[in-house]
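Undergrad: 3D, please:
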Amino acid sequence: MATTSRHLSDKLTTEERGMLPSSDFGIPETREFPIPDATHVRAAEAYFRYASEKEKPLLAHRILMKAQEFGVDVKSPTVLEWAERYQSE
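TA: Numbering: from 1, shown residues only. Reported below is the predicted structural model:
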């Protein structure tokens, strides 16, 4: 996905969202929590609480993977805690 000044926001158009590969989502199966760039990684961290309990381990893990890729420091203890649960499954 090309980075433009428009993407300083965490909002994607329907067309932009549709063009993302499933691997750019925190929950690939349902294409929820898009994380194609650093801005969206931060947004996924902020909206993490809205994920279902069942989805949280995978989502937390994927947030951390993408955060590392984009150089984002994840600070949420909740996300970090759920990521640990993913590792132990």
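Undergrad: Any idea how far the helix or strand containing Leu58 is from the middle of the chain?
TA: Counting by DSSP states H and E, the element that carries Leu58 is helix 56-70. Computed by C-alpha atoms, centre = their mean, to the nearest Å, the separation of helix 56-70 from the middle of its chain amounts to 6 Å.
Undergrad: same question, stretch 29-48
TA: Taking C-alpha atoms, centre = their mean, the mean C-alpha location of stretch 29-48 is offset from the chain mean by 3 Å.
Undergrad: first to last residue in that stretch, what's the distance?
TA: Start and end residues of stretch 29-48 are separated by 17 Å (C-alpha to C-alpha, to the nearest Å).
Undergrad: List the buried residues in that stretch.
TA: Across stretch 29-48, burial judged by 16 or more other C-beta atoms under 10 Å covers 32-45, 48. Using the backbone N, CA and C atoms, a C-beta is placed for each residue, glycine as well.
Undergrad: Could you list which of the residues you listed belong to helices?
TA: Ala38, Thr39, His40, Val41, Arg42, Ala43, Ala44, Glu45 (DSSP state H).
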